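Trainee: Predicted model follows, preceded by the sequence.
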Amino acid sequence: MSDTTFMGVPRDKIPWFPTIDYDKCNFCMECDTFCPHCVFERRDGDRKLVVANPNNCVVFCRACSKTCGPDALSFPDKPEIIALIKQVREQESAK
Amino acid sequence: MKHAILSCNGLDKPEGSVAREVAIRASGAAGSEIICPVLLNRAPARYKKVLGESSLIVVDGCSTRCATRLAASVGARVERKLLVSDAIKASGHPLESTLTLSADGIALAQTIVDGLLRDLNAPAPAAQPMDTFEAPTEYLVVIHDKFEFRIPVVDYLFNENDVWVRASDGVARVGISDYMQQKLTDISFFDQPKIGGTVEQFGELGSLESTKAVFEIISPVSGTITAVNPAAIANPGFINEDPYGGGWLVEMRLTNWQEDLELLIDPAAYAETVKRKAAEE
């Protein structure tokens, strides 16, 4: 159970975080340098950058993707996430 | 004020080639000086006079935004930013991966320049529909270490992305909270959304840039953008000075207010959010 929430919904129930397209990523690390929330982590090996802390990502923020030259970061569909948040809130309030 | 153009150098990517072409064409059409990014980086004194007299039109090729970063590093005044990779996405046609500009690339550059000239020549925004908007007088105050974060007690609602809305008769003003302006520190650029555009709740209303961070403005409401704050564009420091009053960002005509209310929080709840966020930092 996450101890943080967004709009009353446990953060770990909201799948909002970047996905790295490793076919495009050139590991320039600009996104990692930019993000103040430590969503990314640098690693050894082929995948030198991973989304290590997805729940640190600020829900609905896509600012890191604007630092990405090769356009390798993508995010979920906002309306789908909003619908999910509303659904969970309704379930919680019905309890 | 005069304009000068600072562009991506455009040597190793097709987007850069388009950016360079945009700079050349915009310079010819607007009579603005081009600033060479390499020379500016190597010998900024060469451009001291022109930077003192001009505000910049910055043309970036890709999201690495070298020209934007260079402008920030020399403390230049930026009036407009253009991003070729966004224009390519908007056009729906991928660019050929050659460094020599294709006919499509040239056409795209001209389209970007045409849009820029339209924006530069557009009349100043009309009088604001919420002229009677009064700044708040009473605040909740969240204290964390040496910081005090103010939150107006009445009239303002918030999203958890630190953006406020104040609505009246189907129109609303939007801005960022005192907490967020303090977190960003000195705001240097308001990348404004397009007037007339529509945005859904939690959609993007442009961004704010400071020396410390870039903040994506997440809309608290759905609606049509009717105005952006000319004072906040001309002097982004207003946003720091008066985030709930003269430093407002955008005005909107609301399209889904009753439903939007479901995902807005009141000042007391936002104060709890600020306490939590400040404690987590």
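Mentor: That came through fine.

Trainee: From chain A, how far off is the spatially most central residue of chain B?
Mentor: Closest to where the C-alpha atoms of chain B average out (CA atoms, centre = their mean) is residue B:191, at 1.4 Å. Distance from residue B:191 to chain A, counting by CB to the nearest CB, to the nearest Å: 10 Å. To be clear about C-beta, it is placed using only N, CA and C from the backbone, and glycine gets the same treatment.

Trainee: Residue B:233: what's its closest spatial neighbour, skipping adjacent residues?
Mentor: residue B:190 (5.4 Å; CB to CB, 6 or more residues apart in numbering or on different chains).

Trainee: coming back round to it: surely the residue nearest to the centre of chain B is in contact with residue B:208?
Mentor: Yes. When contacts are counted by CB atoms under 8 Å, residue B:191 is listed as touching residue B:208 (7.4 Å).

Trainee: Excluding covalently adjacent residues, which one is nearest to the residue of chain A found nearest chain B?
Mentor: Residue nearest to chain B within chain A (CB to the nearest CB): residue A:69, separated by 3.9 Å. Excluding the flanking residues, the one nearest residue A:69 by CB to CB, 6+ apart is residue B:64, at 3.9 Å.

Trainee: Surely that neighbour touches residue A:29?
Mentor: No. In this structure, residue B:64 is not within contact of residue A:29 by CB under 8 Å, at 11.6 Å.

Trainee: Give me the more crowded residue out of these two.
Mentor: Neighbours per residue, other CB atoms under 10 Å in any protein chain shown: of residue B:64 and residue A:29, the larger number sits with residue B:64, 20 against 14.

Trainee: Ignoring the adjacent residues along the chain, who's closest to residue B:177?
Mentor: Counting by CB to CB, 6+ apart, the nearest residue to residue B:177 once its immediate chain neighbours are dropped is residue B:162, at 4.8 Å.

Trainee: Roughly how far does the one you found sit from residue A:60?
Mentor: Remark: distance between residue B:162 and residue A:60 (CB to CB, to the nearest Å) = 11 Å.

Trainee: I'd assumed residue B:277 was in contact with residue B:144.
Mentor: No. If you go by CB under 8 Å, residue B:144 and residue B:277 don't touch, sitting 9.2 Å apart.

Trainee: so what's residue 59 up against?
Mentor: Going with chain A. Contact analysis of residue A:59 by CB atoms under 8 Å, 6 or more residues apart in numbering or on different chains lists A:6, A:11, A:14, A:16, A:81, B:160-161.

Trainee: that answer is for a different chain, and I need it for chain B
Mentor: By CB under 8 Å, 6+ apart, the contact list for residue B:59 reads B:5-8, B:19, B:22-23, B:26, B:67, B:81-82, B:84.

Trainee: try residue B:15
Mentor: Residues counted as contacts of residue B:15 (CB under 8 Å, 6+ apart) are B:8, B:61-62, B:84-85, B:88, B:95.
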